[in-house]
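Student: got a sequence here, can you model it:
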Amino acid sequence: MWGIVPAAGIGSRIQPLAFSKELLPVGSRLDRGVERPCAVSEYLVERMIHGGATKICFVISPGKADIMEYYGASYGDAWIAYVVQPEASGLCDAIFRASPLIQPNEDVIVGLPDTVWFPERALAELPPSILSFLLFPVDHPEFFDAVVLDENGSVREIEVKRQDASSRWIWGAFKMSGRILEELRRLWTSRSCQDEYFGTLVNAYLAGGGTAYGVKAGRAYVDVGTLHGYRSAIGLLSQAAEQDDVAGARVGLGWPSGRPTQGLHDANRE
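Tutor: Alright, predicted model coming up:
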């Protein structure tokens with residue numbers, strides 16, 4: 001299974017930084033017994049591995065060589081690949097830059113590298129082969145992509161950053177087969193690549209007879225793309241370290257291999 005990490009954005013909401021926003025230190029981890037800062041994108045990579053990903057593709061811009069230097073060729077047991085997005089052109093463009101790597105019979109997970117969320121193993125709840133969204137409850141869905149479900153859990157609509165959002169459940173990650181990824185890429189191309197947000201493309205996919213499902217397995221979600229979100233993430237990690245029901249979440253204590261095991265919501269996504 002592949003994991004796609006769209007990491008070509010400039011991070012304008014949290015600039016100035018001297019490095020890519022995906023490498024922003026949030027919390028810490030153990031590296032050969034030494035406590036070190038943990039890059040925010042490591043939380044997503046770790047969760048993708050928990051969800052079954054064995055290959056991770058970072059979609060980066062030409063100026064983000066520091067991400068390649070940080071991750072190298074592997075992370076834990078997962079292989080790392082890199083694809084270049086020449087300029088930041090939205091999430092759809094970033095995702096489909098990685099599509100040539102993915103076979104039709106392979107599953108793929110997509111998440112956002114400047115987020116921290118719990119439970120850390122929630123991606124395992126998404127079913128194989130079909131388009132499905134991992135959902136989180138938030139207080140301000142108008143800042144995100146709110147997902148409206150029917151009584152059977154099927155997605156009726158994705159409300160993209162709507163002030164009058166009718167659902168408080170937003171997507172934090174999604175999963176599909178390589179075949180569906182290719183169907184979506186062809187649909188996006190047929191629409192003159194006009195969809196910047198994945199939600200508007202999915203709405204067109206649903207209108208054309210496609211199906212998608214939402215899984216309300218998420219509990220807490222933070223967008224770390226703003227200073228307020230950054231502070232919320234630090235608070236969430238500290239809170240998680242004190243709660244017995246968050247398995248393995250300890251600020252400053254990583255996996256035996258050195259990978260992090262940390263992981264609310266706020267602010268608008270870039």
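Student: please identify the residue most distant from the middle of this structure.
Tutor: Taking C-alpha atoms, centre = their mean, the residue of the chain most remote from its mean C-alpha position is Gly33, at 28.3 Å.
Student: low-confidence ranges, this protein, go.
Tutor: Scanning the chain for pLDDT under 70 picks out the ranges 10-19, 241, 244-270.
Student: mind jotting down where the strands sit in it?
Tutor: 2-7, 25-31, 34-39, 55-60, 74-75, 78-84, 107-111, 115-118, 132-137, 145-149, 155-160, 169-177, 213-215, 220-223 (DSSP state E).
Student: and those strands as TSV, adding mean neighbour count?
Tutor: In this view, the C-beta of every residue, glycine as well, is placed from N, C-alpha and C. Below are those laid out as TSV (neighbours: other C-beta atoms under 10 Å):
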stretch	mean neighbour count
strand 2-7	27
strand 25-31	20
strand 34-39	17
strand 55-60	24
strand 74-75	15
strand 78-84	16
strand 107-111	25
strand 115-118	26
strand 132-137	25
strand 145-149	22
strand 155-160	20
strand 169-177	25
strand 213-215	20
strand 220-223	26
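Student: quick one: the helices in the protein?
Tutor: Taking DSSP state H, the helices of the chain run over residues 40-50, 65-71, 91-97, 178-190, 198-207, 227-242.
Student: how about the strands of the chain in JSON lines, adding distance to Tyr230?
Tutor: What follows is the strands of the chain, written out as JSON lines (distance: least, C-beta to C-beta, whole Å):
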{"stretch": "strand 2-7", "distance to Tyr230": "17"}
{"stretch": "strand 25-31", "distance to Tyr230": "7"}
{"stretch": "strand 34-39", "distance to Tyr230": "13"}
{"stretch": "strand 55-60", "distance to Tyr230": "21"}
{"stretch": "strand 74-75", "distance to Tyr230": "22"}
{"stretch": "strand 78-84", "distance to Tyr230": "25"}
{"stretch": "strand 107-111", "distance to Tyr230": "18"}
{"stretch": "strand 115-118", "distance to Tyr230": "10"}
{"stretch": "strand 132-137", "distance to Tyr230": "18"}
{"stretch": "strand 145-149", "distance to Tyr230": "21"}
{"stretch": "strand 155-160", "distance to Tyr230": "24"}
{"stretch": "strand 169-177", "distance to Tyr230": "17"}
{"stretch": "strand 213-215", "distance to Tyr230": "27"}
{"stretch": "strand 220-223", "distance to Tyr230": "9"}
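Student: closest one to Met68 among the ones you listed?
Tutor: strand 78-84 (5.8 Å; C-beta to C-beta).
Student: packing partners for that closest one?
Tutor: helix 40-50, strand 55-60, helix 65-71 (3 or more C-beta pairs under 8 Å, 6 or more residues apart in numbering; DSSP states H and E).
Student: report the distance from it to the chain centre.
Tutor: 15 Å (C-alpha atoms, centre = their mean, to the nearest Å).
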